[in-house]
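Participant: Here is a sequence together with a model predicted from it:
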Amino acid sequence: AQKITQTQPGMFVQEKEAVTLDCTYDTSDPSYGLFWYKQPSSGEMIFLIYQGSYDQQNATEGRYSLNFQKARKSANLVISASQLGDSAMYFCAMREGGYKLSFGAGTTVTVRA
Amino acid sequence: SAVISQKPSRDICQRGTSLTIQCQVDSQVTMMFWYRQQPGQSLTLIATANQGSEATYESGFVIDKFPISRPNLTFSTLTVSNMSPEDSSIYLCSVEDRDRGNTEAFFGQGTRLTVV
């Protein structure tokens, strides 16, 4: 069974607007961590934001925020005030208990001027 | 955050040859991992590089094909052996430093491998 599901293969967003990338996860482990990464066409994986399963508040890092809905097992990424440089592939990932990261299929974001 | 240097950044190799990818971290880290990303796909964990002992491989990956070394807490290599076009992928090194209570997992720049 898929541990991480990203249902949006691709999205277009207008510059300066906000965009929400969906991520749902599946785990029975009470302790887990959720990650979002950005992968530009260069191929590097850039860490954006982390949310722990016991964290009470939603994580935020600059223009990135994570909408964590534990009961629904969702961890959507919100990018505010989109910039042309935000065009990339975005991956949601989960770490359960130990250390192994499971990645979703990714969402391609294209920011239009 | 850890600074990770991965070399080479890209290479084009002949089938049947081997390529060794290096991953250097600017600080000691507890965990080092190697991932593969096939074209248009997500990341798949190949193995965990263990310092001073054999790597721990995930299902579908074997030591003969992907030998890994980790001589110390800042360096690891992944070799892709006897390459075929199906090995064309991006290979990424990742590190985590749990001892300092950090939770993030950081990646190197990746090695884009094309086998012809």
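Facilitator: Great, that's in hand. Numbers count the residues shown, from 1 in each chain, chains lettered A, B, ... in the order given.
Participant: Say whether chain A is contacted by the helix or strand bottoming out on mean pLDDT in chain B.
Facilitator: Using mean pLDDT, DSSP states H and E, the weakest-scoring helix or strand in chain B turns out to be strand B:106-107, at a mean of 90. Yes. Contact between strand B:106-107 and chain A, assessed by C-beta under 8 Å from any C-beta of the partner chain, occurs at B:106-107. In this view, the C-beta of every residue, glycine as well, is placed from N, C-alpha and C.
Participant: which residues sit against the helix or strand following that strand?
Facilitator: Next helix or strand after strand B:106-107 toward the C-terminus (DSSP states H and E): strand B:111-115. By C-beta atoms under 8 Å, 6 or more residues apart in numbering or on different chains, the residues outside strand B:111-115 that reach it are A:43, B:6-15, B:19, B:21, B:80, B:83-92.
Participant: circling back: how far does the least confident helix or strand of chain B sit from its chain's centre?
Facilitator: 11 Å (C-alpha atoms, centre = their mean, to the nearest Å).
Participant: So which of the contacts of strand B:111-115 are in strands?
Facilitator: The members of those that map onto strands under DSSP state E are B:6-7, B:10-13, B:19, B:21, B:80, B:89-92.
Participant: Which one of these is nearest to A:Val111?
Facilitator: For these, the minimum distance to A:Val111 (C-beta to C-beta) is 22.8 Å, reached by B:Ile90.
Participant: List the contacts of residue 63.
Facilitator: Using chain A here. If you count contacts by C-beta under 8 Å, 6+ apart, then A:Arg63 has A:79-81 around it.
Participant: wrong chain, I was asking about chain B
Facilitator: B:54-55, B:57.
Participant: Can you tell me the closest non-neighbouring residue to the closest residue to chain A within chain B?
Facilitator: Distances between chain B and chain A by C-beta to the nearest C-beta are smallest at B:Phe107, namely 3.7 Å. Spatial nearest neighbour of B:Phe107, chain neighbours left out: A:Met45 (3.7 Å); criterion: C-beta to C-beta, 6 or more residues apart in numbering or on different chains.
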